[in-house]
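**Student:** mind folding the following:
(one chain, ligands or ions: 1)
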Amino acid sequence: MPSETPGSRKPAYRRVLLKLSGEHLAGDLAHNIDPKIVARLSDEIAEIRSLGVEIGVVIGGGNIFRGSLAEKLGMDRVTADHMGMLATVINALAVQDALEQRGVRTRCLTAMDMREVAEPFIRRRALRHLEKGRVVIFAGGTGNPYFTTDSAAALRAMEIGAEVILKATKVDGIYSADPKQDRDAVRIPSLSYLQVLEKGLKVMDATAISLSMDHKLPIVVFNITVAGNLRKVIDGEPIGSVVRS
Ligand code: UDP
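**Tutor:** Residues are numbered from 1 along each chain as shown. Down below sits the predicted model:
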């Protein structure tokens, strides 16, 4: 067998959709955006881009605003969700700026029109950007209230023909129980969409899971807080958990 130097492998995917939560961008801060986290994340995205992988990114907004929480505090839900979607645009611009500073060409596409800030989401345009090697950042979720950016990730992944959703989380994958509360919890390397739905596992929301199930779109859940993990996933290393049929 030819000897393989680390990182000499061909990427396991040609086109991916990376889902980043807003919470991750906040790092240890309760809210807001931690520039150190954004910088590290951008280094890792730049690295996988340099391998030739086409990358779409859907960014959440939970570090700034969550519609469901605001509703509980008495706000009109639709207005609150509009605020949540705007929050995702703030995060998207932060990540776009950091990527561009690293020489990565990007485009930010928003689900709602805000032309002075970003391009509107037009699928064919998104595909063209990807083909040209630009990292495409999808902001504004689905553009509709009552949805989440997880659902936006499933939707955009299908629209751009991504081979996989890479769901970045703060844990090493999907566990049989909450590893923080149960010492016997074990990581499940592979499970079906139905298992996720039936067990009510908090991988992505049910809309995103069922959309992915209907279209047989695999989801890799992995720990983005560990440096190098994104590259490992791209290299096809069996880290995290995979949800597929
Ligand atoms: N949101 C929405 N429609 C969408 C996507 C997001 O209304 O299609 C709003 C919703 O209020 C949500 C907020 O934007 O709480 C932030 O998104 P999300 O909670 O998915 O962010 P994450 O948890 O990934 O940081």
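
**Student:** so which elements touch the longest helix belonging to the chain?
**Tutor:** Taking DSSP state H as the assignment, the helix of the chain that covers the most residues is helix 77-101. When contacts are defined as 3 or more Cβ pairs under 8 Å, 6 or more residues apart in numbering; DSSP states H and E, helix 77-101 sits against helix 22-26, helix 35-50, strand 54-59, helix 67-72, strand 106-110, strand 135-139. In this view, the C-beta of every residue, glycine as well, is placed from N, C-alpha and C.

**Student:** elements contacting the first one?
**Tutor:** I take that to be helix 22-26. helix 35-50, helix 77-101.

**Student:** possible to save those as a markdown table with mean neighbour count, distance to the ligand and mean pLDDT?
**Tutor:** Shown next, in a markdown table, are those (neighbours: other Cβ atoms under 10 Å; distance: least, Cβ to the nearest ligand atom, whole Å; pLDDT from 0 to 100):
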| stretch | mean neighbour count | distance to the ligand | mean pLDDT |
| --- | --- | --- | --- |
| helix 35-50 | 18 | 13 | 97 |
| helix 77-101 | 20 | 2 | 98 |
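
**Student:** and those helices: which comes nearest residue 61?
**Tutor:** The closest of these to residue 61 is helix 77-101. By Cβ to Cβ, the value is 3.1 Å.

**Student:** any idea how far that closest one is from the chain center?
**Tutor:** 13 Å (Cα atoms, centre = their mean, to the nearest Å).

**Student:** stretch 30-41 now?
**Tutor:** Here stretch 30-41 is found 15 Å from its chain centre; the criterion is Cα atoms, centre = their mean.

**Student:** now swap in stretch 175-189 and tell me
**Tutor:** The answer for stretch 175-189 is 23 Å, by Cα atoms, centre = their mean.

**Student:** where does this protein come near the ligand, residue by residue?
**Tutor:** Residues of the chain lying close to the ligand by Cβ under 6 Å from any ligand atom are 21-23, 60-62, 66-68, 80-81, 84-85, 87-88, 141-142, 144-145, 147-150, 152.

**Student:** residues near residue 224, how many?
**Tutor:** 24 (other Cβ atoms under 10 Å).

**Student:** of all the helices and strands packed on helix 77-101, which one is nearest residue 223?
**Tutor:** helix 22-26 (10.3 Å).

**Student:** quick one: buried residues of the closest one?
**Tutor:** 22, 23, 24, 25, 26 (16 or more other Cβ atoms under 10 Å).

**Student:** which one of the residues you listed is nearest the ligand?
**Tutor:** residue 22 (3.1 Å; Cβ to the nearest ligand atom).

**Student:** quick check: that closest one touching residue 89?
**Tutor:** No: counting by Cβ atoms under 8 Å, residue 22 stays clear of residue 89, with 11.2 Å between them.

**Student:** show me the shaky parts of the protein.
**Tutor:** 1-8 (pLDDT under 70).

**Student:** hmm, back to that, quick one: the helices and strands packed on helix 77-101 as CSV, columns for distance to residue 128 too.
**Tutor:** As requested, the helices and strands packed on helix 77-101 are exported to CSV (distance: least, Cβ to Cβ, whole Å):
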stretch, distance to residue 128
helix 22-26, 27
helix 35-50, 17
strand 54-59, 11
helix 67-72, 32
strand 106-110, 9
strand 135-139, 10
